[in-house]
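Colleague: Predicted model, plus sequence, below.
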Amino acid sequence: MPYGQDGSNGYGVPNGSGTAMNGSAAPTNVVRKKLMGYVGFANLPNQVHRKSIRKGFQFTCMVVGESGLGKSTLINTLFNTTLYPAKAPPEPSTERPKTVAIESISADIEESGVRLRLTVVDTPGFGDFVNNDESWKPIVENIEARFDAYLEQENRVNRQKMVDNRVHACLYFIQPTGHALKQLDIEFMRRLHTKVNLIPIIAKADTLTDEEVANFKRRVLADIEHHNIRIFHAPIYENEDEEVLAEHDAIISKVPFAVVGSNVELEAEDGRLVRGRQYPWGVVEVDNEEHCDFTKLRQMLIRTHMEELREHTNDVLYENYRSEKLLGMGVTQDHSVFKEINPAAKSAEERTLHEAKLAKMEAEMKMVFQQKVQEKEAKLKQSEEELYARHREMKEALEKQRLELEDKKRRLESGRPLTPEKASQTKKKGFLRT
């Protein structure tokens with residue numbers, strides 16, 4: 001909704017709106033505060049706009065597809081300038097390259113005071129060989145090398161002059177066979193959909209009828225969904241008006257874009273000068289939405305979602321690659337760093353941890369105490385058994401001595417010698433005396 005409508009105070013700030021923090025960093029404690037007058041932070045978008053105009057923008061687009069599908073022509077048509085000059089067909093004796101080459105061209109273009117540093121990465125040779133195994137590998141390595149270069153810049157001490165050469169969009173040109181995606185198309189998109197924003201394009205759509213284009217689009221989307229390939233879709237934000245939502249739906253309905261490229265201006269039947277291609281039956285207009293999807297592609301890629309392509313590259317694709325790279329190097333992240341902390345919640349958490357620690361120590365002390373008690377009881381039981389055995393032995397010895405004494409007593413009372421040996425000795429002594 002435009003500023004100044006539905007309750008605006010005339011300065012671009014809606015009455016009763018605004019947010020303020022109540023001293024806590026927790027998002028749940030954010031409350032709504034009513035402004036008593038004009039503050040001025042509504043001009044922040046204007047400040048960002050002026051800074052962006054002064055700094056300029058950078059955008060890197062990669063085009064991938066077999067030779068002869070009109071990649072260079074489409075780039076020239078998209079940006080309405082001659083980035084790629086006309087290519088002369090190679091001579092039959094010219095030696096063909098044996099690997100996929102990576103070529104990039106940069107240009108500074110300006111429109112209404114807005115400067116754009118445009119870099120187009122071309123991949124000549126892709127899909128042109130008899131054996132196209134791993135033809136996607138040089139492209140993946142180039143994208144990862146650009147990620148590594150940006151990561152190296154982030155790790156520098158001085159990061160004031162950082163250059164963003166990461167690929168923000170990949171236009172993948174599909175040959176207009178009218179049947180389905182080839183295995184090379186599927187394998188390429190499977191390898192790259194997690195590293196770059198994929199935008200599938202049906203090249204030279206003027207070679208197909210409207211019915212063939214519609215059927216081919218359905219088949220391509222079915223193959224993409226079947227192989228779980230993620231292609232770029234324009235995001236939807238909250239509180240968008242109906243016009244923006246209608247434009248978004250119109251763009252989504254055209255994916256994959258069936259395009260025709262041409263920088264040649266022709267005169268239409270009504271006398272208008274249009275960019276298009278001349279055929280015996282008429283003119284195919286590049287900028288006519290009834291003839292092809294070039295206008296919707298340009299609208300998504302440049303006019304409405306170029307910044308979303310840059311943000312998604314930086315916030316999602318690059319961050320995922322960066323995380324995997326650092327984890328592979330053994331770098332781990334402490335998730336408590338830079339974490340918003342509520343003092344009351346932190347105190348409660350520490351108290352809970354302390355109580356858990358005390359409970360654990362108490363349980364361990366109980367276990368140790370029970371173990372020592374059991375060991376003492378075992379020793380006492382063993383001592384008791386030993387004392388009982390000694391008591392039994394002493395009792396048996398005393399009983400034996402008592403029996404022996406009683407036997408001696410009986411013998412003395414009966415006048416019998418205590419032992420036969422002693423009696424014989426007594427008789428022998430008496431005989432000698434006589």
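Modeller: Received the coordinates, thanks.
Colleague: And residue 172, how close does it get to residue 306?
Modeller: 18 Å (CB to CB, to the nearest Å). Heads up, the C-betas are built off the backbone N, CA and C, glycines and all.
Colleague: between the two, which one's more packed in?
Modeller: A side-by-side neighbour count of residue 172 and residue 306, using other CB atoms under 10 Å, places residue 172 first with 23 against 17.
Colleague: quick one, strands of the stretch 101-250 of the chain?
Modeller: In the stretch 101-250 of the chain, the segments counted as strands under DSSP state E, counting those that start in this stretch are 103-111, 114-122, 169-174, 198-202.
Colleague: Retrieve the pLDDT associated with residue 256.
Modeller: Listed pLDDT for residue 256 reads 91.
Colleague: what's the spatially most central residue of the chain in contact with, if anything?
Modeller: By CA atoms, centre = their mean, the mean C-alpha position of the chain lies nearest to residue 320, the distance being 4.2 Å. Residues counted as contacts of residue 320 (CB atoms under 8 Å, 6 or more residues apart in numbering) are residue 194.
Colleague: If you count neighbours, what's buried in the host helix or strand of it?
Modeller: Using DSSP states H and E, residue 320 maps to helix 318-328. Residues of helix 318-328 classed as buried: 318, 321 (neighbour count, 16 or more other CB atoms under 10 Å).
Colleague: how close does residue 250 get to residue 304?
Modeller: Counting by CB to CB - residue 250 and residue 304 are separated by 11 Å.
Colleague: same thing with residue 401?
Modeller: Distance from residue 401 to residue 304, by CB to CB: 119 Å.
Colleague: what do you get for residue 61?
Modeller: Residue 61 is 16 Å from residue 304, by CB to CB.
Colleague: again with residue 398
Modeller: The value you get for residue 398 to residue 304, if CB to CB is used, is 114 Å.
Colleague: Residue 365 too?
Modeller: 68 Å.
Colleague: Between these two, tell me which one has more neighbours.
Modeller: Between residue 365 and residue 304, counted using other CB under 10 Å, the more crowded position is residue 304 (15 against 10).
Colleague: That one contacts residue 237, doesn't it?
Modeller: No - contact criterion CB atoms under 8 Å: residue 304 and residue 237 do not qualify, at 11.9 Å.
Colleague: And the pLDDT for residue 385?
Modeller: pLDDT, residue 385: 90.
Colleague: go on, the one 3 residues further on?
Modeller: Per-residue confidence (pLDDT) for residue 388: 90.
Colleague: Over to residue 242?
Modeller: For residue 242, pLDDT reads 85.
Colleague: tell me the phi and psi of residue 366?
Modeller: phi -60, psi -40 (degrees, to the nearest 10).
Colleague: Okay, it and residue 355: tell me how far apart.
Modeller: Residue 366 is 16 Å from residue 355, by CB to CB.
Colleague: Then residue 31?
Modeller: 32 Å.
Colleague: and if you look at residue 72?
Modeller: 70 Å.
Colleague: Of the two, which one has the most company?
Modeller: residue 72 (20 against 10).
Colleague: What helices and strands are in contact with the host helix or strand of that one?
Modeller: Assigned by DSSP H and E, residue 72 belongs to helix 71-79. Helices and strands touching helix 71-79, by 3 or more CB pairs under 8 Å, 6 or more residues apart in numbering; DSSP states H and E, are strand 57-64, strand 114-122, strand 169-174, helix 294-298.
Colleague: With that, I have no additional questions.
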